[in-house]
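Engineer: quick one, structure for this:
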Amino acid sequence: MPRAVVVGAGIGGLTAALALRQTGWDVSVYERAPELREVGAGLSLWANAVRVLRRLGVGDAVEAASAPLRVSELRSRRGRLLIRADYGDLERRLGVPNVGVHRADLQAILADAVGREHIHFGMTCVRYLPDEKGATALFAEGDEVRGQILVGADGIKSLVRNQLLGPEPPRYAGYTAWRGVGRVDRPEVPVGLTALATGRGSQAGLLPIGGGRTYWFASANVPPGGAAGPGGHKAELLARFRDWWPPIPAVIEATDEAAVVRNDILDRPPVRKWTDGRVALLGDAAHPTTPNLGQGACQAIESAWVLARCLAEAETPEAGLKAYAQARFDRTARVTDESWRLGKVLAWESPLKCWLRDRLFGLLGGLTVRRTEGLIGAEV
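Structural biologist: Numbering: from 1, shown residues only. From the prediction side, this is the model:
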């Protein structure tokens, strides 16, 4: 049985491990963190990702742990409705739901499906040594692990990518996001609603993730690398968003200060080179994107499925990895580029530009919804 080494136990790495195991690979996963941690983050899993998870046999478990996304709304900062998309008809046509899930719940389901005995924590890959028949991963802890292929799924600051493409810092989008998980009980937020409110240089959103929980995020155009003010993240956010659409300050208020996470929003411009012989990049190591389309995890899941399928169909592992990279570039590049452009529009600060943006969203809402439906309805 050929052996695959996967570096990184995030969503992409675990999905790749599961897909590879189901196509006959002996897979070991190596993760730098000491354990799977419950980070205060939710994920939107649109139909394109849920379809793959069903093929991998974990769809039922994921859907049971998640919340359905039945309606999506875009609103002004004060709550004026700009776009409303009902996904009920789309779900019926595709036969696949859109859901929101806590990242930790999805990771746990994938880890169980892979087999926790195959996941090794506290292992930091610092280098790989390629050869004609595989690659060896070298770890800071002194271990060396060889496989017939090596998959670098170690995130946007991937050390595997640094060796493959050369070190280059990620691209700062111009805004920072705060995230958390709370509970919101307001008539404006019915079951199944995901919503985004946008203002001048800021945006905030809500996503149901199951178990009565709501994942929220808020962003602002600020310099990168900032820290919490004297009153903490929560106090700063309540000051920034106190007069926004009422569910936004309500869910922030309902979140413990210690559970609020702050991250600069980063991506990388698309590049075609994802492979080096029998080494390949996957997920955020290959095609990181800003979160504006809600497709980061979805594209990682798709890539994992295509990786395993291409390897199963190719005559050699090198050919399979090249076919995977070729098959995935155009779609992931489109997501990265569209998400970046949308993020820039949502981050506008000029009062005139923001007024024009909101007017155009209202007028072109149907077109926006159809473009979204085309993305999530596509087969891979």
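Engineer: roughly how far does the closest residue in space to residue 377 that isn't next to it in sequence sit from residue 54?
Structural biologist: Leaving aside its sequence neighbours, residue 377 sits nearest to residue 94 (CB to CB, 6 or more residues apart in numbering; 5.8 Å). From N, CA and C alone the C-beta is placed, and that goes for glycine too. For residue 94, the distance to residue 54 equals 11 Å [CB to CB, to the nearest Å].
Engineer: give me the more crowded residue out of the two.
Structural biologist: Set side by side, residue 94 and residue 54 show more neighbours around residue 94, with 19 against 15, by other CB atoms under 10 Å.
Engineer: report the outermost residue of the chain with respect to its centre.
Structural biologist: No residue in the chain sits farther from the centre than residue 132, which is 33.2 Å out by CA atoms, centre = their mean.
Engineer: excluding covalently adjacent residues, which one is nearest to that residue?
Structural biologist: Sequence neighbours aside, residue 277 is the residue nearest to residue 132 in space, at 7.7 Å (criterion: CB to CB, 6+ apart).
Engineer: now do that neighbour against residue 149, distance only.
Structural biologist: Residue 277 sits 9 Å away from residue 149, going by CB to CB.
Engineer: what about the residue nearest to residue 132, how many residues nearby?
Structural biologist: Using other CB under 10 Å, residue 277 is surrounded by 19 other residues.
Engineer: tell me the predicted confidence for the residue farthest from the centre of the chain.
Structural biologist: With respect to pLDDT, residue 132 scores 91.
Engineer: could you measure from it over to residue 125?
Structural biologist: In terms of CB to CB, residue 132 sits 21 Å off from residue 125.
Engineer: what's the answer for residue 155, then?
Structural biologist: When distance is defined by CB to CB, residue 155 is 11 Å away from residue 125.
Engineer: neighbour count for the two, which is higher?
Structural biologist: Using other CB under 10 Å as the criterion, residue 155 and residue 125 rank with residue 125 on top: 25 against 20.
Engineer: my read: the more buried one touches residue 137, true?
Structural biologist: Yes - in this structure, residue 125 is within contact of residue 137 by CB atoms under 8 Å, at 5.1 Å.
Engineer: now the common contact residues for those two.
Structural biologist: 7, 30 (CB atoms under 8 Å, 6 or more residues apart in numbering).
Engineer: so the closest residue to residue 16 other than its chain neighbours: helix, strand or coil?
Structural biologist: What sits nearest to residue 16 in space, not counting adjacent residues and going by CB to CB, 6+ apart, is residue 304, at 3.9 Å. Of the three states, residue 304 takes helix under DSSP: H, G, I helix; E, B strand; the rest coil.
Engineer: can you give me the neighbour number for residue 304?
Structural biologist: Neighbour count for residue 304, taken as other CB under 10 Å: 29.
Engineer: quick one: pLDDT of it?
Structural biologist: Residue 304 is given a pLDDT of 98.
Engineer: secondary structure element for residue 128?
Structural biologist: Using DSSP states H and E, residue 128 falls within strand 125-131.
Engineer: residue 253 against residue 235, yeah?
Structural biologist: No - assessed by CB under 8 Å, residue 253 is found out of contact with residue 235, at 10.7 Å.
Engineer: show me the contacts for the closest residue to residue 31 other than its chain neighbours.
Structural biologist: Excluding the flanking residues, the one nearest residue 31 by CB to CB, 6+ apart is residue 9, at 3.7 Å. Contacts for residue 9 (CB under 8 Å, 6+ apart) come out as 29, 30, 31, 33, 36, 107, 111, 119, 121.
Engineer: now with 6 Å?
Structural biologist: Residues in contact with residue 9, defined by CB atoms under 6 Å, 6 or more residues apart in numbering, are 29, 31, 119.
Engineer: buried set for the longest helix that the chain contains?
Structural biologist: Longest helix in the chain, counting residues (DSSP state H): helix 317-346. Using 16 or more other CB atoms under 10 Å as the test for burial, helix 317-346 gives 317-318, 320-325, 327-329, 331-333, 335-336, 338-340, 343, 346.
Engineer: with stretch 91-107 instead?
Structural biologist: Using 16+ other CB under 10 Å as the test for burial, stretch 91-107 gives 91, 94, 96-107.
Engineer: please list all residues in contact with residue 314.
Structural biologist: Shown in contact with residue 314 (CB under 6 Å, 6+ apart): 320, 323.
Engineer: do the one 10 residues further on as well
Structural biologist: Under the criterion of CB under 6 Å, 6+ apart, the contact list for residue 324 reads 306, 307, 310.
Engineer: redo these as JSON lines? Include distance to residue 13 and neighbour count.
Structural biologist: Converted to JSON lines, these look like this (distance: CB to CB, whole Å; neighbours: other CB atoms under 10 Å):
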{"residue": "306", "distance to residue 13": "15", "neighbour count": "21"}
{"residue": "307", "distance to residue 13": "11", "neighbour count": "31"}
{"residue": "310", "distance to residue 13": "17", "neighbour count": "21"}
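Engineer: give me the neighbour count for the nearest residue to residue 143 once chain neighbours are set aside.
Structural biologist: Computed as CB to CB, 6+ apart, the closest residue to residue 143 that is not its neighbour in sequence is residue 123, at 6.7 Å. Using other CB under 10 Å, residue 123 has 21 other residues around it.
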